[in-house]
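Visitor: Show me how the following folds:
(one chain, ligands or ions: 4)
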Amino acid sequence: MALVTTKEMFRKAYEGKYSIGAFNINDMEIIQGVVNACKSRNSAVILQVSTGALKYAGPDYLMNMVDAAIKETGIDIAVHLDHGPDLETVKKVIEAGFTSVMFDGSHYDFEENVRLTKEIVDYAHARGVVVEAELGVLAGVEDDVQSEKHVYTQPDEAVEFVQRTGCDSLAIAIGTSHGAFKFAGTPELKFDILEEIGNRLPGYPIVLHGASAVSQEHVATCNQFGGAIKGAQGVPKEMLRKASEMAVCKVNMDTDIRLAMTAALRKFLAENPSEFDPRKYMGAARKEIQKLVEEKIDDVLGSANSMA
Ligand SMILES: O=C(CO)COP(=O)(O)O
Ligand SMILES: O=C[C@H](O)COP(=O)(O)O
Ligand SMILES: [Zn+2]
Ligand SMILES: [Zn+2]
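Guide: Ligands and ions are numbered 1, 2, ... in the order given. From the prediction side, this is the model:
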């Protein structure tokens, strides 16, 4: 049982052809739902914190809840900064005890991304913290930057980028995007790019952002009980499974947690109109998150017993 970096997790995941789930955390119920599922499956996990979550909950609240989760469950947990924008934020979370940071320089040009990422890597490695970087741009809104089209990661650039920066893992763009509306038509991912990067960087862990599957059941439940979420579509489970068997070692999911939580809350409150005890409705949300994460481990990630 420990607070760990992702180093050993990724080594085992790569060899075992599975991936580790990286779930965004914002409050206690999300943390508990996720780690209870991981405990029940004996799975390692990454809990990741966006700058929005840092603002909402604060690094110390989140870190102390994660410490409690480790104590309670005994599972291996890495605490990771998601889409870190600058060195200042990186310094702040390392100070709070995070074991892994992402620097997202994907919206800079290649040379600037290399330079800034290298600076973060030097700072983090000197403190025993690992670094995820990003190359290529996901379509949609990312880090407050809107991109109409995917800018797929070029395998040549990926190899050069990893060699020059020394980053520990790399997020690539192969057609996924953030949020609940990933594809207008038939879902398609560029597996040829992932395959080539995997061949050119053997043993190197690749990260897939925007990897929520968007449960149609959760969307339907939201809509049945007062929601208005139209045309939501995620990455098909089989594609995520395939990516996990390839070089992808970290699968990022936030939207799926949001949908599970919202569906459970809407349903509970609609069906129990006289109830106003937060422990009842937040408890229902926590339970739904746990069920979601257990299904992820079983059907998508393949990370059960990764603690053994
Ligand atoms: O990539 C993510 C966080 O970095 C989350 O992606 P989703 O929006 O698909 O859940
Ligand atoms: O990549 C983005 C994550 O889904 C986090 O979203 P957020 O910035 O709204 O917390
Ligand atoms: Zn980005
Ligand atoms: Zn992301």
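Visitor: how close does residue 236 sit to residue 285?
Guide: Distance, residue 236 to residue 285, using Cβ to Cβ, to the nearest Å: 25 Å. No exception for glycine: its C-beta is placed from N, CA and C like everyone else's.
Visitor: what about those two, which has more around it?
Guide: residue 285 (23 against 15; other Cβ atoms under 10 Å).
Visitor: quick one: strands adjacent to the least confident helix or strand in the chain by mean pLDDT?
Guide: Lowest on mean pLDDT, DSSP states H and E among the helices and strands of the chain sits strand 145-147, with a mean of 77. Using DSSP bridges, the strands paired with strand 145-147 are strand 140-142 (antiparallel).
Visitor: Run the chain-centre distance for stretch 117-133.
Guide: Put simply, stretch 117-133 sits 19 Å off its chain's centre (Cα atoms, centre = their mean, to the nearest Å).
Visitor: tell me which parts of the stretch 1-150 of the chain are close to ligand 2?
Guide: When proximity is defined by Cβ under 6 Å from any ligand atom, the stretch 1-150 of the chain lies next to ligand 2 at 24, 50, 52-53, 82-83.
Visitor: neighbour-wise, which of those residues leads?
Guide: Of all those, residue 82 has the most neighbours under the rule other Cβ under 10 Å, reaching 25 neighbours.
Visitor: Residue 33 against residue 296, yeah?
Guide: No: contact between residue 33 and residue 296 fails when scored by Cβ atoms under 8 Å: they sit 11.6 Å apart.
Visitor: re the thing from before, among the residues of the stretch 1-150 of the chain next to ligand 2, which are located in helices?
Guide: When those are checked against helices (DSSP state H), the matches are 52-53.
Visitor: of all the residues of the stretch 1-150 of the chain next to ligand 2, which comes closest to residue 225?
Guide: Proximity of those to residue 225 (Cβ to Cβ) peaks at residue 24, which lies at 23.5 Å.
Visitor: any idea of the mean pLDDT for stretch 202-210?
Guide: Averaging pLDDT along stretch 202-210 gives 98.
Visitor: ok, now stretch 79-94?
Guide: Mean per-residue pLDDT for stretch 79-94: 98.
Visitor: show me the residues around residue 227 that make contact.
Guide: 262, 266 (Cβ atoms under 8 Å, 6 or more residues apart in numbering).
Visitor: how near is it to residue 63?
Guide: Counting by Cβ to Cβ, the gap from residue 227 to residue 63 is 32 Å.
Visitor: quick one: secondary structure of the residue lying closest to residue 45 once chain neighbours are set aside?
Guide: Nearest residue to residue 45 in three dimensions, chain neighbours excluded: residue 38, at 4.5 Å (Cβ to Cβ, 6 or more residues apart in numbering). Here residue 38 is helix, with the state taken from DSSP: H, G, I helix; E, B strand; the rest coil.
Visitor: Share the number of residues neighbouring residue 38, please.
Guide: 30.
Visitor: Do I have it right that it meets residue 290?
Guide: No: applying Cβ under 8 Å as the test, residue 38 and residue 290 come out as separate, 9.4 Å apart.
Visitor: Report the mean per-residue pLDDT for the helix or strand containing residue 63.
Guide: Secondary structure assignment for residue 63, by DSSP states H and E: helix 59-73. For helix 59-73, mean pLDDT rounds to 97.
Visitor: what does that helix contact?
Guide: Applying Cβ under 8 Å, 6+ apart, the set of residues contacting helix 59-73 from outside is 1-3, 25, 28, 31-32, 35-36, 38-39, 47, 49, 53-54, 77, 79, 92-93, 95-98.
Visitor: now check the longest strand seen in the chain, is it near ligand 3?
Guide: Longest strand in the chain, counting residues (DSSP state E): strand 76-84. No: figure legend: strand 76-84 not in contact with ligand 3 (Cβ under 5 Å from the ion); closest approach 5.9 Å.
Visitor: Just want the angle from that strand to helix 59-73.
Guide: Here strand 76-84 runs at an angle of 160 degrees relative to helix 59-73 (axes from the mean of the first three to the mean of the last three Cα atoms, to 10 degrees).
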